[in-house]
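# Below are the sequence and a predicted model; questions follow.
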4 protein chains.
Amino acid sequence: VPSAVTAPQFEQLIATHMSANPRIEFSVRGIEEGEATVVLRYSPTQLRPGDTISGPALFTLADTALYAAVLSVVGLEPLCVTSDMTIHFLRKPAPGDVEGCARVLKRGRRLVYGDVVLRSCEGREIVAHASGSYAVPAR
Amino acid sequence: VPSAVTAPQFEQLIATHMSANPRIEFSVRGIEEGEATVVLRYSPTQLRPGDTISGPALFTLADTALYAAVLSVVGLEPLCVTSDMTIHFLRKPAPGDVEGCARVLKRGRRLVYGDVVLRSCEGREIVAHASGSYAVPAR
Amino acid sequence: VPSAVTAPQFEQLIATHMSANPRIEFSVRGIEEGEATVVLRYSPTQLRPGDTISGPALFTLADTALYAAVLSVVGLEPLCVTSDMTIHFLRKPAPGDVEGCARVLKRGRRLVYGDVVLRSCEGREIVAHASGSYAVPAR
Amino acid sequence: VPSAVTAPQFEQLIATHMSANPRIEFSVRGIEEGEATVVLRYSPTQLRPGDTISGPALFTLADTALYAAVLSVVGLEPLCVTSDMTIHFLRKPAPGDVEGCARVLKRGRRLVYGDVVLRSCEGREIVAHASGSYAVPAR
């Protein structure tokens, strides 16, 4: 089943309305109904002490990838908002692009829930895992 | 009991090493052993659709306030890293400063755990709650 | 402000409808609007290897204490259900009663959110912390 | 790669040392290195108001399935303990067996992390999702 939003639509939504951090750039590697893969492009400004990508940058990737998966189900609805998110940081990612692969596990009318596996694009090792809910506004 | 780090020390650490997002600025309102209050200074660039402060900006505040509370116990240890974090977004904060009030609930040798209540500085309503662990490097 | 349910009403609700585990007994130590303290009475059958109280028994206490705090706000509504819960086990509790002290942090029409601190009744040390949401059925 | 513990070994460990609730019975449907599927056998005593299986019973299943997956990696180590767990209840399961399918996402020396998808055995719909960490004792 195709996604309810296209990759360019989602990228434009993020670039226009959600680029709170000019040093964080995303690209959509793939999107289908209920699944999305989003890449956080590496920039040295994302590093924190220990030469690893900062927790908030990884959280932003998890949140964005899951948002893409949610919109792939509910359509282009910018007022969908994160309701809760749990993230575990599992390995310190080496400097480089990181990929978030999100899937929807429950699509309710009001809440959509899913999880995200974050991997270093180069070594493919899992660096974090997140899960959470998005509130869908009533129509 | 006084904090193991001072407010200026913590602010400098964040400004020097963790300012991955130039549009996010923090100030420490208070820090004692096991407790810290950190303020996210409002900037219109933090808004997302719906004219509310973005989830990643609030996560960054929660992470930073809890980091301050953890360092108040373990001292100036930049290599402390977030191990896991759960955040619930409870109300959409109005544009304006947001305050994160963190407390340490468990201080282990290797893991320090605590939680954070986030409030709008103006209306004082709770806008989010987070809890999580930090890994303390072995000495 | 007084609670919307009394301690005996809540204890009877739990004993009648939610005593899935006959070896787990609760008593309400205090309940006010938005706050409740519930005690898990110790039984050796709650132990797991390491002579500590099992994780599921502590989760049940956290869930029950938060349920009491939620009902103190919304009234005697047995169809309120837990929507999500995060628990961190912080210390292995010694054999003995454990107390869960719950507070409501957000009361929405559909979701009520709060957290719970679990302490050993004897030593008073914090053994776990939990937070989560309850879904309130539409009337 | 085969599991470091067999299904009968794990079932005996649970039955002997962790059967805090006599009304909860588990069987292992499959176990390989880093993956385990555990079934919670239905009993009417697991129900709560609304004729659905109680949250603590589902939490116990999630915890047990993830414990099996962790032991499949670290071996028969009864002193492994849950460090944190987040569970989202997604649908009310109908009365009947529930299956928890767990996978390990990170195996550290001291912490093993994974997640669990819970499904009704009959309808196969997802009823809950959990993720969490286990602390492995030093040898």
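Arrived safely. Residues are numbered from 1 along each chain as shown, chains lettered A, B, ... in the order given.
# OK, contacts around A:L76?
A:L76 makes contacts with A:A4, A:V5, A:Q9, A:L13, as judged by Cβ atoms under 8 Å, 6 or more residues apart in numbering or on different chains. No exception for glycine: its C-beta is placed from N, CA and C like everyone else's.
# Can you name the residues of chain A that neighbour chain B?
For chain A, the residues in contact with chain B (Cβ under 8 Å from any Cβ of the partner chain) are A:17-18, A:20-24, A:45-50, A:52, A:54-57, A:59-60, A:63, A:78-79, A:81-89, A:92.
# dump the residue contacts of A:R109.
Here A:R109 is in contact with A:V136 (Cβ under 8 Å, 6+ apart).
# still on that earlier bit, of the residues of chain A next to chain B, which are in range of chain D?
A:T86, A:H88.
# Looking at the contacts of A:L76, which one is closest to chain C?
For the contacts of A:L76, the closest approach to chain C (Cβ to the nearest Cβ) belongs to A:A4, at 24.6 Å.
# Over to that closest one. Which of the three states is it?
coil (DSSP: H, G, I helix; E, B strand; the rest coil).
# my read: it touches A:V70, true?
No. Assessed by Cβ atoms under 8 Å, A:A4 is found out of contact with A:V70, at 9.9 Å.
# re earlier: can you add distance to chain C and give the contacts of A:L76 back as CSV?
Listed next are the contacts of A:L76 as CSV, based on distance: Cβ to the nearest Cβ, whole Å:
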residue, distance to chain C
A:A4, 25
A:V5, 26
A:Q9, 30
A:L13, 26
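# Most neighbours among these, which one is it?
A:V5 (23 neighbours; other Cβ atoms under 10 Å in any protein chain shown).
# Pull up the gap between that one and D:H129, please.
24 Å (Cβ to Cβ, to the nearest Å).
# Kindly report the same for A:S3.
22 Å.
# okay, the contacts of A:L76 in TSV with distance to chain D and pLDDT next?
Converted to TSV, these look like this (distance: Cβ to the nearest Cβ, whole Å; pLDDT from 0 to 100):
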residue	distance to chain D	pLDDT
A:A4	20	96
A:V5	23	96
A:Q9	27	96
A:L13	26	92
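# Now do the buried residues in stretch A:4-20.
A:A4, A:V5, A:A7, A:Q9, A:F10, A:E11, A:L13, A:I14, A:M18, A:S19, A:A20 (16 or more other Cβ atoms under 10 Å in any protein chain shown).
# The helix ranked longest in chain A: what's the following helix or strand?
Criterion DSSP state H: the longest helix present in chain A is helix A:55-74. Next in sequence after helix A:55-74, counting helices and strands by DSSP states H and E, comes strand A:81-89.
# Distance from that next one to the middle of the chain?
In terms of Cα atoms, centre = their mean, to the nearest Å, the centre of strand A:81-89 is found 11 Å from the chain centre.
# Mind listing the strands the following helix or strand past it pairs with, and their directions?
Note on strand A:81-89: by DSSP H and E, the next helix or strand toward the C-terminus is strand A:98-107. Partners of strand A:98-107 in the sheet, by DSSP bridges, are strand A:35-40 (antiparallel), strand A:111-120 (antiparallel).
# Strand A:98-107 vs helix A:55-74, what angle?
40 degrees (axes from the mean of the first three to the mean of the last three Cα atoms, to 10 degrees).
# which residues are contacting strand A:98-107?
Residues outside strand A:98-107 that contact it (Cβ under 8 Å, 6+ apart): A:29, A:34-40, A:42, A:53, A:58, A:61-62, A:64-66, A:68-70, A:72-74, A:112-121, A:127, D:88, D:90-91, D:117, D:126, D:129.
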